[in-house]
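quick one: sequence plus predicted model below, questions after.
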Amino acid sequence: MTLEHLGYGIANDRKERPGRRLSTHLRRVAEQTGCDMGIDLDAWPDRFADAYNTVKHPDRPDWDTLDLHNVLREARLLFRTWIARQLGASITELERNRGLVPMSRPYERW
């Protein structure tokens, strides 16, 4: 998974011991964005790791499909934001334009 590998690479760049937990790797990526994406970035790494492990392991209780879609949407938004920051986009610019990005709005039930 790309976000996991990014987090692992960030740890190596910092000369840190990477660890094995998915949420730890995701947290490193989230920290590097540095901007408000409309996602609780403190809780998101654990939520995503839980969703990922629910899909991966059949003995875990299923998540609601809408919740799974929203976690994936947030992952895509986080990844795109991280890339934009690496390419030099400012935090102010990203936060100002957040409303223009459809994936910044949660999916809702009809």
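Done, it's in.

what about the protein, any weak spots by pLDDT?
The model of the chain has pLDDT under 70 over residues 1.

could you point out the longest helix of it?
Counting residues, the longest helix found in the chain (DSSP state H) is helix 65-86.

and it, which residues are buried?
70-75, 77-78, 80-82, 84-85 (16 or more other C-beta atoms under 10 Å). C-beta here means a position set from N, CA and C on the backbone, and glycine is covered the same way.

out of the residues you listed, who's nearest residue 60?
Here the nearest of the buried residues of helix 65-86 to residue 60, counting by C-beta to C-beta, is residue 71; it sits at 14.3 Å.

mind checking how far that closest one is from residue 65?
11 Å (C-beta to C-beta, to the nearest Å).

who's in contact with the most centrally placed residue in the chain?
The centre of the chain sits closest to residue 75, judged by C-alpha atoms, centre = their mean, with a distance of 3.8 Å. Residue 75 makes contacts with 3, 48, as judged by C-beta atoms under 8 Å, 6 or more residues apart in numbering.

could you redo the last one with a cut-off of 10 Å?
1, 2, 3, 26, 29, 39, 44, 48, 51, 52, 103 (C-beta atoms under 10 Å, 6 or more residues apart in numbering).

so the third one sits against residue 48, correct?
Spelled out, it's residue 3. Yes - judged on C-beta atoms under 10 Å, residue 3 makes contact with residue 48 at a distance of 8.0 Å.

between these two, which contacts overlap?
22, 26, 30, 75, 78.

let me have those residues in CSV, extended by distance to residue 11.
As requested, the shared contacts of residue 3 and residue 48 are arranged in CSV below (distance: C-beta to C-beta, whole Å):
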residue, distance to residue 11
22, 13
26, 12
30, 14
75, 19
78, 17
